[in-house]
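Visitor: Below: sequence and its predicted model.
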Amino acid sequence: MKIGILQTGLAPESLVASSGEYPEMFARLLDGNGFDFQAWRVVDGVFPEGPHEADGWLITGSKHGVYEDHDWLPPLEQLIRDIYASGRPLVGVCFGHQIIAKALGGRVEKFPGGWAVGPQSYAFPDGEKVVNAWHQDQVITPPEGAEVVASNDFCRYAALLYPGHAYTVQPHPEFGDEFISSLIDLRGKGVVPDDRLQAARDALGTPLDSRVLADQFARFFTERRIS
């Protein structure tokens with residue numbers, strides 16, 4: 001099965017040698033499922049010809065906001081609607097979670113409560129899962145028909161299931177503690193309040209359930225379900 005990865009942001013340049021770009025992180029996360037991967041750097045205006053270019057699609061995270069004025073955002077939203085209409089499975093993470101919601105009629109905003117950084121606990125139907133997060137924006141109003149699959153007190157719509165079509169999550173199962181630690185230094189200081197950065201650093205080492213979300217993604221790609 002070929003998974004097309006739509007890259008909507010760039011990893012910090014100094015981390016690429018050790019961690020790879022976002023498509024490489026997702027390829028590692030989903031390794032062992034028999035998938036082949038091809039990435040399109042849509043953040044640089046590079047798009048596939050259409051949904052037929054892959055059997056399933058994944059949209060990465062990004063430092064950009066879905067409400068910003070970038071030339072590549074309107075065609076990305078149209079591609080999302082085309083993928084949805086084609087019936088090919090679609091997965092979104094962080095920015096991907098948000099842009100899919102926006103493209104399908106939802107609303108995304110900067111959350112008044114500020115940032116979620118580092119290990120966060122989310123209530124899923126089968127129990128609490130801890131996954132790394134890095135975001136201030138949130139889905140405020142989900143699209144019609146989207147089912148809430150995970151939430152916590154800070155992020156009400158942390159995972160959304162669009163039955164038979166898409167599965168999206170706000171946290172980052174592809175981010176390990178080392179990457180989060182580097183983001184704190186490279187992108188957090190002066191942007192995220194110091195107390196939240198320190199709390200995130202203190203929480204590093206908490207056992208993560210990233211593999212659970214990876215299994216959900218793989219199951220959705222192959223079976224259109226997450227459990």
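Guide: Nice, thanks for sending it over.
Visitor: Run a quick check on Arg41 versus Gln7, I expect a contact.
Guide: Yes: here Arg41 reaches Gln7: they are 4.8 Å apart, a contact under CB atoms under 8 Å. In this view, the C-beta of every residue, glycine as well, is placed from N, C-alpha and C.
Visitor: did I read that right, Glu178 in a strand?
Guide: No: read with DSSP: H, G, I helix; E, B strand; the rest coil, Glu178 is helix and lies in no strand.
Visitor: Walking through this protein, point out its strands one by one.
Guide: 2-6, 36-40, 56-59, 90-93, 107-110, 116-124, 127-135, 137-141, 147-150, 159-162, 166-169 (DSSP state E).
Visitor: Can you add mean neighbour count, mean pLDDT and distance to Gly20 and give those strands back as JSON lines?
Guide: Below are the strands of the chain laid out as JSON lines (neighbours: other CB atoms under 10 Å; pLDDT from 0 to 100; distance: least, CB to CB, whole Å):
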{"stretch": "strand 2-6", "mean neighbour count": "23", "mean pLDDT": "98", "distance to Gly20": "12"}
{"stretch": "strand 36-40", "mean neighbour count": "16", "mean pLDDT": "98", "distance to Gly20": "11"}
{"stretch": "strand 56-59", "mean neighbour count": "27", "mean pLDDT": "98", "distance to Gly20": "15"}
{"stretch": "strand 90-93", "mean neighbour count": "27", "mean pLDDT": "98", "distance to Gly20": "15"}
{"stretch": "strand 107-110", "mean neighbour count": "16", "mean pLDDT": "96", "distance to Gly20": "27"}
{"stretch": "strand 116-124", "mean neighbour count": "21", "mean pLDDT": "97", "distance to Gly20": "21"}
{"stretch": "strand 127-135", "mean neighbour count": "20", "mean pLDDT": "97", "distance to Gly20": "16"}
{"stretch": "strand 137-141", "mean neighbour count": "19", "mean pLDDT": "97", "distance to Gly20": "24"}
{"stretch": "strand 147-150", "mean neighbour count": "17", "mean pLDDT": "98", "distance to Gly20": "26"}
{"stretch": "strand 159-162", "mean neighbour count": "23", "mean pLDDT": "98", "distance to Gly20": "25"}
{"stretch": "strand 166-169", "mean neighbour count": "26", "mean pLDDT": "98", "distance to Gly20": "20"}
